[in-house]
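Undergrad: Let me see the structure of the following:
(2 chains, ligands or ions: 3)
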Amino acid sequence: MDKVRVIEIKKSVFAENEQDANALRQELKDRGVYLLNLMSAPGSGKTTTLIKTINLLKDKLRIAVMEADIDSDVDAVKIKEATGIQSIQLHTGGMCHLDAEMTRQGLDGLDLDGVDLVILENVGNLVCPAEFDTGAARNAMILSVPEGHDKPLKYPLMFSVCDVVVINKMDVAPYFDFDLEKCKEYIAMRNPNAKVIPICAKTGEGVEAFAQWLLEQVQTLKH
Amino acid sequence: MHELGIVFYIIRDVKAAAAENSVQRISAVVMNIGEVSTVVPEYLTDCWRWAADKEPLLKGSELKINMIPAVTQCQDCGQEYETVKYGKTCPHCGSGNTFLLKGNEVEIKEIEVPNN
Ligand SMILES: Nc1nc2c(ncn2[C@@H]2O[C@H](COP(=O)(O)OP(=O)(O)OP(=O)(O)O)[C@@H](O)[C@H]2O)c(=O)[nH]1
Ligand SMILES: [Mg+2]
Ligand SMILES: [Zn+2]
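TA: Numbers count the residues shown, from 1 in each chain, chains lettered A, B, ... in the order given. Ligands and ions are numbered 1, 2, ... in the order given. This next block holds a predicted model:
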């Protein structure tokens, strides 16, 4: 007689999260809340870009922000001080990404009454967040110039799940031999539909293009 | 860390499967891990040891890893090739119009339950 009995499972580890994410996406759509999932490597400029973008849009849209961090609340405080909008910090308890369930818990901590747009600043990381659908309507990522124009080749999944790629810190492009055209070409190899928006979050240059894209997205969802 | 998060999902799914099958103890969990899935098998087994030993159901259990080689198919000439060796460009006809057939799996294949 065999010492062990084998029970077949044959189930993807991501399957349950995908179901949760699809359910959350539908619920948000029904409530008229647009959720944007913003991802990048640590320090690419997510918080700086969000502050500039929110200040351009806050008269047109009711916005709230969820800042995911392994363990601190500096970003949520920064957003609140610089824009005055509702922002909360989500602690991931050591996890390198947010999944749909954690996103839902975060949303429960916000007052969504009248809110049109919720932006989730995901954990700084180019690998894990790409694998876990948060239930967001759209994914955006920021690639900053010092990281190099070859990143779309090295992190294909991240670039293939993003609807828009913001290229930040264009002010330092000359110091890093950053080739924007090459970068666009590599992004297109991963994702021909991705929109690429070069910006400098520090001065605000180019940020209107991202804000405009976001405004159109939110308006489209509502109709 | 990436692998620890994955281990938590495995534990969640395995617990559910154990409850469904009225299983009290699991001696091994067998995973199918694709070669290009971004999961590092050694990290996964290290994280497993740490997290699984905290669960009565899984204490001392082994995480067995079955690596799945990555295969890409070319949409222009229809041939298949090794993804890791040639990447996105078909070595047969040079086309970039290719897609991954397999090798991206992070999948629980089966669980092993001791007979008593
Ligand atoms: N030169 C330059 N620096 C920038 C630009 N945008 C952001 N920075 C700087 O980059 C650093 C990181 O910016 P953050 O906005 O905190 O980046 P983040 O992605 O939110 O960082 P984490 O949340 O820690 O992952 C800060 O010192 C910013 O001042 C830019 O356009 N140009
Ligand atoms: Mg930040
Ligand atoms: Zn071919």
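Undergrad: any idea which residue sits dead centre in chain A?
TA: A:L38 (1.3 Å; C-alpha atoms, centre = their mean).
Undergrad: so what's that one up against?
TA: A:46, A:50, A:119-122, A:140-142 (C-beta atoms under 8 Å, 6 or more residues apart in numbering or on different chains). All C-beta atoms are positioned from the backbone trio N, CA, C, and that covers glycine.
Undergrad: For the longest helix along chain B, name the packing helices and strands.
TA: In chain B, assigned by DSSP state H, the helix with the most residues is helix B:2-20. On a contact count with 3 or more C-beta pairs under 8 Å, 6 or more residues apart in numbering or on different chains; DSSP states H and E, helix B:2-20 meets strand A:4-12, helix A:15-31, strand B:28-34, helix B:41-52, strand B:106-114.
Undergrad: so can I have TSV of these showing mean pLDDT and distance to B:I68?
TA: Output for the helices and strands packed on helix B:2-20, formatted as TSV (pLDDT from 0 to 100; distance: least, C-beta to C-beta, whole Å):
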stretch	mean pLDDT	distance to B:I68
strand A:4-12	92	12
helix A:15-31	94	17
strand B:28-34	97	5
helix B:41-52	94	11
strand B:106-114	96	9
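Undergrad: okay, whichever helix or strand the residue nearest to the centre of chain A is part of in CSV with CA atoms only?
TA: Element membership of A:L38, judged by DSSP states H and E, is strand A:34-40. Only the C-alpha atoms of strand A:34-40 are listed here, as CSV (Å, rounded to 0.1, in the frame of the first residue of the first chain):
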residue,chain,number,x,y,z
TYR,A,34,-12.4,55.1,-11.0
LEU,A,35,-9.5,53.3,-9.4
LEU,A,36,-6.0,53.9,-10.9
ASN,A,37,-3.2,51.6,-9.8
LEU,A,38,0.2,53.4,-9.9
MET,A,39,3.3,51.4,-9.8
SER,A,40,7.1,52.0,-10.1
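Undergrad: Heading C-terminal from it, find the next helix or strand.
TA: Immediately after strand A:34-40, counting by DSSP H and E, sits helix A:46-57.
Undergrad: who in chain A is up against ligand 2?
TA: Residues of chain A lying close to ligand 2 (C-beta under 5 Å from the ion) are A:46-47, A:75.
Undergrad: who wins for neighbours among the residues you listed?
TA: Using other C-beta atoms under 10 Å in any protein chain shown as the neighbour test, the residues of chain A next to ligand 2 are led by A:K46, with 26 neighbours.
Undergrad: Next up, the contacts around that one.
TA: A:K46 touches A:38, A:40, A:121, A:124, A:142, counting by C-beta under 8 Å, 6+ apart.
Undergrad: Mind giving me the PyMOL command for buried ones among those?
TA: Per 16 or more other C-beta atoms under 10 Å in any protein chain shown, the buried members of the contacts of A:K46 correspond to this PyMOL selection:
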select buried, chain A and resi 38+40+121+124+142
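Undergrad: okay but A:E208 is in contact with A:L56, surely?
TA: Yes - between A:E208 and A:L56 there is a contact under C-beta atoms under 8 Å: 6.3 Å.
Undergrad: Now flag whichever of the contacts of A:L38 is closest to ligand 1.
TA: A:K46 (3.5 Å; C-beta to the nearest ligand atom).
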